[in-house]
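[1] no letters, just coordinates:
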DNA sequence: CCTATGTTTGAAAGCCCTTCCATAGAACAT
DNA sequence: ATGTTCTATGGAAGGGCTTTCAAACATAGG
């Protein structure tokens, strides 16, 4: 039916071993035979059978990525980094979109199916403890992105550093009364961002008022949502406490809700209330948000690099990289005089 | 090293054929032996080797999707439909993010590597004419999503119908002077949307004024961008013609730019200018845009179904499905009195 | 009880490749 | 010319599975 190395061997009057050697650029083939084989291969429009190769090589050149689809903006940008790097290395990427823990587990199972993939990237979701042992035993390479487990390589964002920078930026702009709209404390990033926010206020001699902090209690997406931000700010405004002149918001998507709530109340951003948020997803640009930018593309790249290293050296010590977010100043904090909307 | 059916066969005192039959739920195995084999398999924690299976079955249960990353919002939602359907069918999905024609071609090549995937989904990008013959010969199943070629199955959005509905909505709201901000005419959807816009005006006895139509000349992303919308509207406002009371904008992302341009000029939406756009990506919700909604998730589902049909019946006649976009009324057209921001 | 029919089973063949091993031949040294 | 060392090459083995084939066994019918 379709062309195999046997066809090429016959046509070129060589053995299949030689064909394989030519196709894999192995040494010890005269340039004459090499030429001949290549010509025939091209003539027959030969395409290697990936699975047969994988079976023989015991390597699939394929990775899988388990990704929560709901983290939309974040993952898509990391994914680009992953993809681009992978392509240059000749790897393929299998996507597993998970929306809950159960699915994560199912996909982890699948990833362990022998030979299917050379390694797995797990994004933004906790690695289930009960699989630790199994992954360890089977030495299935695993890299965690935007999540953490002491036994596996991980790449994360330094939430502490980011929250500190954000808060300090507001302080530097002269704000004395700064509030925070946070996501659910069930989420580790939310906890870390809150802690550093408080510390930074203290370190700068500013009071830490619990009344100025709104914490989401929403289940859905751990409160990292527009609705959560909206409701959080509405709730806050109803508290009747003096409205801070600035807010640190734990994600861009929440900030959009916050913006809407402030608008409804007739409060202007940044004139009445300055906003700094976190993530710098595509959206942030559209809303002119000053925010803490995560190097998502780079994180994707690094994730792949780490994975390759892990594959090549399964016994190397576990590493954990923290990316420091950088401040992107747009209009919402009031620091920027010019209208930033036109930026690329 | 790792557990194979041979290990199971030995341990369970049966032949490998029997093991395979049990594992594949084939008929003609006594429930006794079946039980025994299953027990042993479980005990040894057997995982089938996907590639060996694929090699023997001549079927990989894997599809590839070639996707332009820049269509972000659109593709991600379609992708969810694809993914979810695929998962229930036990298929895997390989993602190929392409940013230009060259990459598309490279990935098409890869997809043709025998056995690698059972079929390929091509998103939003033209299928290169020079590959038609090859795909046809090799019978590599191909389904086009949001793009079209007469020789392959395709799933599209009915741009004509969508543009008509959008325009009629504005007309129904009493607007007599309606403009359009369009993307580059290099893009087929842009051409189709424009044509129907004009036709609808005519059919309703309204004048078609070229002066009221802005066409993007931008290369990048065929003018489907925020910047393009912004510049388009700024340019329009400088023409000095009377500003229409309503605009049909060819995409949500452009509409966001349009909104910003109007805001700069002090024009309010929807009081001074009503806006209806196209796509209904996540963003549209955040900006309260009235827009033509594409059933993206469903398109993904259908794409997979079509693919499966094609795989199972390679000689079925080519089909082409057009999804009719539906109008989602939010705030930007002025029809909706209530503030819609809170919608889920 | 024997034949005919059907069911269950083991094992070989095949899927397509890579890699190892043995051999033939060339090149070189003596 | 003979022996030695290398290089080039063909082909078998092996990777782990499915499927086919033939044999073994069971059941039923006469």
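    Structure's in. What do you need? From a predicted model like this one, the values you see are computed outputs, not experimental measurements. Numbers count the residues shown, from 1 in each chain, chains lettered A, B, ... in the order given.
[2] count of neighbours near residue A:43?
    Residue A:43 has 12 neighbours, counted by other CB atoms under 10 Å in any protein chain shown. For every residue, glycine as well, the C-beta is placed using N, CA and C.
[3] quick check, pLDDT for the closest residue in space to it that isn't next to it in sequence.
    Spatial nearest neighbour of residue A:43, chain neighbours left out: residue A:11 (7.8 Å); criterion: CB to CB, 6 or more residues apart in numbering or on different chains. With respect to pLDDT, residue A:11 scores 90.
[4] quick check, the helix or strand harbouring residue A:11 touching DNA strand C?
    Using DSSP states H and E, residue A:11 maps to helix A:5-12. Yes - judged by CB under 7 Å from any atom of the strand, helix A:5-12 comes into contact with DNA strand C through A:5-6.
[5] that helix packs against which elements?
    helix A:16-23, helix A:31-43 (3 or more CB pairs under 8 Å, 6 or more residues apart in numbering or on different chains; DSSP states H and E).
[6] any chance of TSV for the ones you listed, columns mean pLDDT?
    Formatted as TSV, these follow (pLDDT from 0 to 100):
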stretch	mean pLDDT
helix A:16-23	92
helix A:31-43	91
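[7] any idea which of those helices is most buried?
    helix A:16-23 (a mean of 18; mean count of other CB atoms under 10 Å in any protein chain shown).
[8] how distant is it from the center of its chain?
    The chain centre lies 41 Å from the centre of helix A:16-23; the measure is CA atoms, centre = their mean, to the nearest Å.
[9] against which helices or strands is it packed?
    helix A:5-12, helix A:31-43.
[10] contacts for the shortest one, please.
    Right, the one you point to is helix A:5-12. Applying CB atoms under 8 Å, 6 or more residues apart in numbering or on different chains, the set of residues contacting helix A:5-12 from outside is A:15-16, A:18-20, A:23, A:33, A:36-37, A:39-41, A:43-44, A:46.
[11] need the max-distance pair from those.
    A:15 and A:43 (18.6 Å; CB to CB).
[12] tell me the residues of chain A that contact DNA strand C?
    So chain A meets DNA strand C at A:1-2, A:4-6, A:16-17, A:20-21, A:23-24, A:26, A:46, A:48-49, A:52-53, A:55-57 (CB under 7 Å from any atom of the strand).
[13] in the helix holding residue A:11, what counts as buried?
    Within helix A:5-12, the residues that count as buried by 16 or more other CB atoms under 10 Å in any protein chain shown are A:5, A:7-9, A:11-12.
[14] now swap in stretch A:272-291 and tell me
    For stretch A:272-291, by 16+ other CB under 10 Å, it's A:273-291.
[15] could you tell me how many residues sit around residue A:77?
    Residue A:77, neighbours per other CB under 10 Å, totals 23.
[16] list the contacts for the closest residue in space to it that isn't next to it in sequence?
    Closest residue to residue A:77 apart from its sequence neighbours, by CB to CB, 6+ apart: residue A:296 at 3.8 Å. Applying CB under 8 Å, 6+ apart to residue A:296 gives the contacts A:74, A:77-78, A:80-81.
[17] now those: which count as buried?
    A:74, A:77-78, A:80-81.
[18] which of those lies closest to chain B?
    residue A:80 (5.5 Å; CB to the nearest CB).
[19] pretty sure the closest one contacts residue B:68?
    No - Residue A:80 lies out of contact with residue B:68 (CB atoms under 8 Å); the separation is 11.3 Å.
[20] now do the shared contacts for these two.
    With CB under 8 Å, 6+ apart as the test, residue A:80 and residue B:68 both reach residue B:97.
[21] how about residue A:95, phi and psi?
    Per-residue torsions, residue A:95: phi -100, psi 130 (degrees, to the nearest 10).
[22] and what of residue A:278?
    Torsion angles, degrees, to the nearest 10, at residue A:278: phi -140, psi 140.
[23] go on, residue A:323?
    phi -90, psi 130.
[24] what about it, distance to residue A:297?
    Separation of residue A:323 from residue A:297 (CB to CB, to the nearest Å): 11 Å.
[25] pull up the overlap in contacts between the two.
    Joint contacts of residue A:323 and residue A:297 (CB under 8 Å, 6+ apart) do not exist.
[26] what are the contacting residues of the lowest-mean-pLDDT helix or strand in chain A?
    One helix or strand of chain A scores below all others by mean pLDDT, DSSP states H and E: helix A:282-286, with a mean of 81. Contacts to helix A:282-286, defined as CB under 8 Å, 6+ apart, come from residues A:73, A:77, A:252-253, A:255-256, A:277, A:289, A:291, A:328, A:330, A:343, B:72, B:226, B:256, B:283, B:286-287.
[27] fine, thanks again, bye for now.
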